[in-house]
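Chemist: Please work out how this folds:
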Amino acid sequence: MCFFKPQNIFFLTFFIIIQTSAYPQNADADMIFLKLELEINPEVRFLKGKATEFFRIKNKSEKKLPVKLDLSDSLKVLNVLYGKDTLEFSHKNNFLEIKPQNSWKETDSFSVVYQGNPTKTGLGSVCYSAHDGIPVFWTLSEPYGAKDWVPIKQDISDKIDSVFITIKCPEKYKAVSNGKLFKETVKKNIRTTEWRHKYPCAYYLIAVAVTQYKVYSEFVVTGKDTVEIVNYVYPERYEQCRRKTWKLSEVFKMFCDSLCQYPFIKEKYGHAQFGWQGGMEHQTISFLSDFSLDLMIHELAHQWFGNMVTCKSWSDIFLNEGFATYCEYLAAEKGLGQTSDLSQWRKAMIKKACRNPQGCLNAKDTLNIGKLFDTSLRYSKGAMVIHLLRREIGDAAFFKTLREYLNNKTFKYSNACAKDFFNLVSKVSGKNLDWFFMQWFYGSGYPIYDVKWQQTSDGLLNIKIIQTPSDSSVSFFRCKVPLTVFGSDGERIILKLNNTYQGQTFTMEPGFNVRYIVFDTEGEILTQNPKIEKAVLCTNCYPAFKIESSNASYKINILNLKKFSFYTLKSINSANQLRGRITGNGKIEIKAGTMPEGEYILQLEGINDYYATKIDIYYKKRKKEI
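Modeler: Residues are numbered from 1 along each chain as shown. Next up is the predicted model:
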């Protein structure tokens, strides 16, 4: 889902109380098939429906218990049919409870006949409106609005295996829904349209729209398959839409190549225009208000992230929205997106994400829809945390993780939670990334940096990184900090400093006189308002050393060791590095073969002291004082 005001993403600030569908004292029913028959006239606010629900009782001991569905009190249930018989039911507090005659079969069904003037809740759920004076009807069920127009079990983890939807409407209108168009007939001024969707589908991804549509199709070849992209657009916007929708074909192919084949390859993909300001990723048919490229890309990406693999609970909604947003960036990387400036895209995401200093990616309050779909968190922060993860594990492991996530037999056409994804990342990358997930998913906020630097007389550059988390839930954010160092004669180097603890100081030899340093010029990490200033970092107490070397080892004896607790030896000409604690006798011993001979930077760290100098490591008998 993606929502806009013209030119700007807005934040939902309303609060709605929703009764959750926990079913105590009711049969635990696995919903397996829905046959939905609707009578809709966009000119009249009145809906007639018949929902035939097929289900499987999971626990044999519950066969005598009622089956409970969600259904708004604004709709009236006329009866519940069970073959030629009717069943007792209770409809109150937006729940429909249906009692068995005696007991349910292991796999059973009933039909709910209902009608009424549906009430709009949440993000829209059911809407009667108009475009250019033409009446239109549409639904948007995410997250809890399906009950406003269909009796259904609103459990995100219980996907319906297949859905058949038949819509009757006045002949002048067209009706669009999920899946493949099976049949369309006109009789006595009534158009009957049958749609069949034979893939598992979460309740909130079922949708219907009815109005005077103009329809056209485009086709995409992916491998050996050809997919129809069918567009249902307002007649007054037809020419404008045709100029835009063709651009999606290359993105469609890119997603199929880089992720996996289109999940609903045997049916279709498409767009239907509607009046809500933004888009909604209904399965196989995204509803859009505007056909901007990034909006089309976002909703297309949801067919993989959100529809084929759906978050297991609403608290993990970033798995849907964060990935769909980041897919806009992946398309832009290939020159197929709306933006050509990747760094500006990242900076825009960072700016939005930092609007909420105490915000947590893990949605803790799933009943407050404004908080649940906070675009600064689920979308912008979600996308940037995914980008940070990519930087941490590298492109090869990142894209392999995405492919394995989408093709995993447990998750595919089913559900996954954040922990499922995190475990897969660690498995594919071979890294223990618990710290990453704890700080970026379960923790709140982001780091605020204060960077101090100094160039010493021997040309070494010392950089100290201090951070203040924006929220107390995270004491320290471990991150690769990007800095660009500019020299007096136009020289420039880019550093990515692996900041793993508070007050960490880095020393390197830039090879030129440093003029100034700029923080994250490309927009790579989540932070705002970083400070950089020149300062004195090296301790005033310069230590004295005695160097002893032999064929077996290289020893550094620090005479005034009380100032220092840790040392780091870092090669100037290679990636070799050694860090350790300075022992009580003040000696650092490096055995031959541990570190190659050559030029090194020796860093000494204490609670309030820091010192760095260049040394040569060699393995031959010699004594020296420095």
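
Chemist: Residue 176 belongs to a helix, doesn't it?
Modeler: No - according to DSSP: H, G, I helix; E, B strand; the rest coil, residue 176 belongs to no helix; its state is strand.

Chemist: How is residue 377 assigned, secondary-structure-wise?
Modeler: Under three-state DSSP, residue 377 comes out as helix.

Chemist: which residues in the stretch 51-200 of the chain form strands?
Modeler: Assigned by DSSP state E, counting those that start in this stretch, the strands in the stretch 51-200 of the chain fall at 67-70, 75-82, 85-86, 89-92, 95-98, 107-116, 125-131, 134-140, 162-170, 174-177, 180-187, 190-197.

Chemist: Serialize those to a markdown table and add fields for mean pLDDT.
Modeler: As requested, the strands of the stretch 51-200 of the chain are arranged in a markdown table below (pLDDT from 0 to 100):
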| stretch | mean pLDDT |
| --- | --- |
| strand 67-70 | 98 |
| strand 75-82 | 98 |
| strand 85-86 | 98 |
| strand 89-92 | 98 |
| strand 95-98 | 98 |
| strand 107-116 | 98 |
| strand 125-131 | 97 |
| strand 134-140 | 98 |
| strand 162-170 | 98 |
| strand 174-177 | 98 |
| strand 180-187 | 98 |
| strand 190-197 | 98 |
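
Chemist: Quick one: closest of those to residue 462.
Modeler: strand 134-140 (55.9 Å; CB to CB). From N, CA and C alone the C-beta is placed, and that goes for glycine too.

Chemist: Would you mind stating the distance between residue 610 and residue 346?
Modeler: As for residue 610, its distance to residue 346 is 32 Å (criterion: CB to CB, to the nearest Å).

Chemist: got the buried residues for stretch 211-230?
Modeler: Judged by neighbour count (16 or more other CB atoms under 10 Å), stretch 211-230 contains these buried residues: 211, 212, 213, 214, 218, 220, 222, 227, 229, 230.

Chemist: Same question for stretch 55-72.
Modeler: In stretch 55-72, counting by 16+ other CB under 10 Å, buried: 55, 56, 57, 62, 65, 66, 67, 68, 69, 70, 71, 72.

Chemist: Repeat that for stretch 149-161.
Modeler: Quick answer for stretch 149-161 (16+ other CB under 10 Å): 149, 150, 151, 152, 153, 154, 155, 156, 158, 159, 160, 161.

Chemist: With respect to residue 305, which of the residues you listed is nearest?
Modeler: For these, the closest approach to residue 305 (CB to CB) belongs to residue 156, at 14.5 Å.

Chemist: contacting residues for that closest one?
Modeler: 202, 203, 204, 310, 311, 312, 313, 314, 415 (CB atoms under 8 Å, 6 or more residues apart in numbering).

Chemist: ok, now residue 527?
Modeler: Residue 527 neighbours (CB under 8 Å, 6+ apart): 350, 354, 446, 447, 448, 449, 520.

Chemist: Most neighbours of all the residues you listed, which one?
Modeler: Highest neighbour count within those: residue 446, with 28 neighbours (other CB atoms under 10 Å).

Chemist: Now for residue 595, how many residues are close by?
Modeler: So residue 595, with other CB under 10 Å, has 19 neighbours.

Chemist: Mind checking which of the buried residues of stretch 211-230 land in strands?
Modeler: Using DSSP state E, 211, 214, 218, 220, 222, 227, 229, 230 are the members of the buried residues of stretch 211-230 that sit in strands.

Chemist: I'd guessed the first one sits against residue 133; true?
Modeler: Right, residue 211. No - under the criterion of CB atoms under 8 Å, residue 211 is not in contact with residue 133, lying 11.4 Å apart.

Chemist: hey, what's in contact with both of these two?
Modeler: When CB under 8 Å, 6+ apart defines a contact, no residue borders residue 211 and residue 133 alike.

Chemist: Which helix or which strand is home to residue 453?
Modeler: strand 447-455 (DSSP states H and E).

Chemist: ok, then the element right after that strand?
Modeler: Using DSSP H and E, the next helix or strand after strand 447-455 towards the C-terminus is strand 461-469.

Chemist: which secondary structure elements does that following strand contact?
Modeler: If you count contacts as 3 or more CB pairs under 8 Å, 6 or more residues apart in numbering; DSSP states H and E, strand 461-469 packs onto strand 447-455, strand 479-487, strand 492-499, strand 504-508, strand 610-617.

Chemist: for the protein, what helix or strand is lowest in average pLDDT?
Modeler: Using mean pLDDT, DSSP states H and E, strand 622-625 stands out as the lowest-scoring helix or strand of the chain, at a mean of 53.

Chemist: Helices of the chain, start to end?
Modeler: Secondary structure of the chain, counting by DSSP state H: helices at 238-245, 248-258, 293-302, 318-333, 342-353, 369-372, 382-393, 395-407, 418-429, 434-437.

Chemist: Pull up the gap between residue 29 and residue 77, please.
Modeler: In terms of CB to CB, residue 29 sits 18 Å off from residue 77.

Chemist: no no, residue 151
Modeler: Distance from residue 151 to residue 77, by CB to CB: 8 Å.

Chemist: same question, residue 363
Modeler: From residue 363 to residue 77 the distance is 33 Å (CB to CB).

Chemist: Neighbour count for these two, which is higher?
Modeler: Between residue 363 and residue 77, residue 363 has the larger neighbour count (other CB under 10 Å), namely 20 against 17.

Chemist: quick one, what contacts that one?
Modeler: So, once contact is read as CB under 8 Å, 6+ apart, residue 363 ends up touching 314, 315, 316, 317, 318, 371, 372, 377, 378.

Chemist: The fifth one against residue 382, yeah?
Modeler: Just to be clear, that refers to residue 318. Yes - with contact defined as CB under 8 Å, residue 318 and residue 382 form a contacting pair (3.9 Å).

Chemist: anything in contact with each of those two?
Modeler: residue 361.

Chemist: what about those two, which has more around it?
Modeler: Neighbour totals were compared for residue 318 and residue 382, and residue 382 leads with 27 against 24 (other CB under 10 Å).

Chemist: residues in contact with the more buried one?
Modeler: 318, 321, 322, 323, 325, 326, 361.

Chemist: So which of those is surrounded by the most neighbours?
Modeler: In the contacts of residue 382, the most neighbours by other CB under 10 Å go to residue 321, 28 neighbours.

Chemist: per-residue confidence at the residue nearest to it when sequence neighbours are not counted?
Modeler: Sequence neighbours aside, residue 378 is the residue nearest to residue 321 in space, at 4.3 Å (criterion: CB to CB, 6 or more residues apart in numbering). Looking at residue 378, its pLDDT stands at 97.
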